[in-house]
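A.B. asks: from the sequence below, what's the structure:
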Amino acid sequence: MTSAVYDEPYEEDVKTRNVESGYASGASEDDSLPEVTFSKQHLKFLNSQLQRAEPEAILQWCIMSLPSLYQTTAFGLTGLVALDMLSKITTPIKPNVDLIFLDTLHHFDETLSLVERVRKNYPRFTVHVYKPEGVETADEFASKHGQTLWTKNEELYDYVAKVEPAQRAYSELQVKAVLTGRRRSQGGKRGDLDIIEVDEAGLIKINPLANWSFKQVQEYIHANNVPYNELLDRGYKSIGDWHSTQPIAEGEDERAGRWKGRAKTECGIHNPKSKYAQFLRQQEVKRQEEELALGLQGISVA
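C.D. replies: Below is the predicted model of the structure:
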């Protein structure tokens with residue numbers, strides 16, 4: 001029997017044919033494979049299917065389908081429910097989902113205490129903490145940005161305390177997808193949430209408990225002995241920074257205590273690019289144009 005001998009060019013031909021035929025496996029060494037992407041039709045189909053699924057099933061789909069998956073959390077009730085559900089998944093594919101906590105340096109002491117309790121209760125999940133760039137304490141923040149920046153320039157505060165740290169976390173950790181704690185019943189701009197969203201930067205955001213009510217979340221917390229923020233027993237339902245969070249009255253929307261008395265309902269992380277971020281980009285473009293003009297002027301003088 002004659003054996004066939006193939007040299008390296010044959011292997012290259014096979015790889016070329018596989019790519020041309022539309023075939024590529026996860027074991028492929030081809031670095032040109034695309035990141036996770038969804039067409040509009042595919043995204044619409046997935047949302048229609050996952051809309052009818054329980055949160056546990058959505059989380060299982062996520063850990064099987066999405067690489068570089070993280071959970072962004074301020075340790076609100078919904079995020080804690082998702083974390084507890086992840087910890088109890090018993091399928092052969094175990095969740096490897098780290099947490100990202102944006103420490104604005106202006107959280108309640110009760111929130112920071114909860115972070116440590118979560119670390120103790122769920123040791124398998126790493127908590128990555130990101131603070132405003134270049135500062136470690138509230139005093140350092142005030143020295144760099146001035147006292148009560150949130151009242152003098154709210155968009156700038158949101159950018160330096162939340163948006164930029166989130167973008168830095170996504171870049172450094174190479175995040176491709178995140179689990180959030182947003183729900184439709186929270187009101188405001190969250191009333192028409194899909195299960196899966198893709199933002200303008202291509203980040204995939206999954207809202208596994210989008211269909212749940214506050215009551216359902218609260219019942220799960222108590223039934224499963226999940227640690228939660230003590231402020232919830234004092235009339236708070238949605239908890240952010242101490243300077244922009246208040247208890248709510250009976251019958252008010254769940255997030256009515258955030259930025260009370262203002263039209264604002266989001267901090268910028270889940271909005272399209274903040275106006276301040278757009279301003280920064282415009283300033284950078286202007287700086288580059290000025291440098292180019294100076295360079296051209298130098299050439300003409302020479």
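
A.B. asks: low-confidence ranges, the stretch 101-250 of the chain, go.
C.D. replies: Applying pLDDT under 70 to the stretch 101-250 of the chain picks out residues 187-191.

A.B. asks: repeat the analysis, applying 80 as the threshold.
C.D. replies: 185-192, 248-250 (pLDDT under 80).

A.B. asks: any idea which element the residue nearest to Phe125 when sequence neighbours are not counted lies in?
C.D. replies: Closest residue to Phe125 apart from its sequence neighbours, by CB to CB, 6 or more residues apart in numbering: Leu99 at 5.7 Å. (Glycine included, C-beta is placed from N, CA and C.) According to DSSP states H and E, Leu99 maps onto strand 98-102.

A.B. asks: all helices of the stretch 51-200 of the chain, in order?
C.D. replies: 55-65, 77-87, 109-121, 138-145, 149-152, 154-158, 164-172 (DSSP state H, counting those that start in this stretch).

A.B. asks: only C-alpha atoms, please: export the fifth one in CSV.
C.D. replies: Written as CSV, here are the backbone C-alpha positions of helix 149-152 (Å, rounded to 0.1, in the frame of the first residue of the first chain):
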residue,chain,number,x,y,z
LEU,A,149,-18.1,67.9,41.8
TRP,A,150,-21.4,66.1,41.4
THR,A,151,-23.3,69.4,42.0
LYS,A,152,-21.0,71.6,40.0
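
A.B. asks: quick one: contacts of that helix?
C.D. replies: Here helix 149-152 makes contact (CB atoms under 8 Å, 6 or more residues apart in numbering) with His106, Phe141, Ala142, Gly146, Leu156, Tyr157, Val160, Asp241, His243, Ser244.

A.B. asks: give me the number of residues near the first one?
C.D. replies: His106: 19 surrounding residues under other CB atoms under 10 Å.

A.B. asks: hang on, the earlier thing: how about the helices of the stretch 51-200 of the chain, which one is nearest Leu232?
C.D. replies: Among the helices of the stretch 51-200 of the chain, helix 77-87 comes nearest to Leu232, with 6.9 Å by CB to CB.

A.B. asks: how big is the angle separating that closest one from strand 98-102?
C.D. replies: Inter-element angle recorded for helix 77-87 and strand 98-102: 160 degrees (by axes from the mean of the first three to the mean of the last three CA atoms, to 10 degrees).

A.B. asks: show me what helix 77-87 is in contact with.
C.D. replies: Residues outside helix 77-87 that contact it (CB under 8 Å, 6+ apart): 55-56, 59, 63, 71, 73, 95, 97, 99, 118, 122, 124-125, 179-183, 208-209, 212, 214, 217-218, 220-221, 224, 226-229, 232.

A.B. asks: what does stretch 232-241 give?
C.D. replies: Under CB under 8 Å, 6+ apart, the answer for stretch 232-241 is 74, 76-77, 104, 106-108, 111, 150, 161, 186, 214, 229, 231, 245-248, 254-255, 257-258, 267.

A.B. asks: tell me the buried residues within the contacts of helix 77-87.
C.D. replies: Among the contacts of helix 77-87, those buried by neighbour count (16 or more other CB atoms under 10 Å) are 55, 59, 63, 71, 73, 95, 97, 99, 118, 122, 125, 179-183, 208-209, 212, 214, 217-218, 220-221, 226-229, 232.
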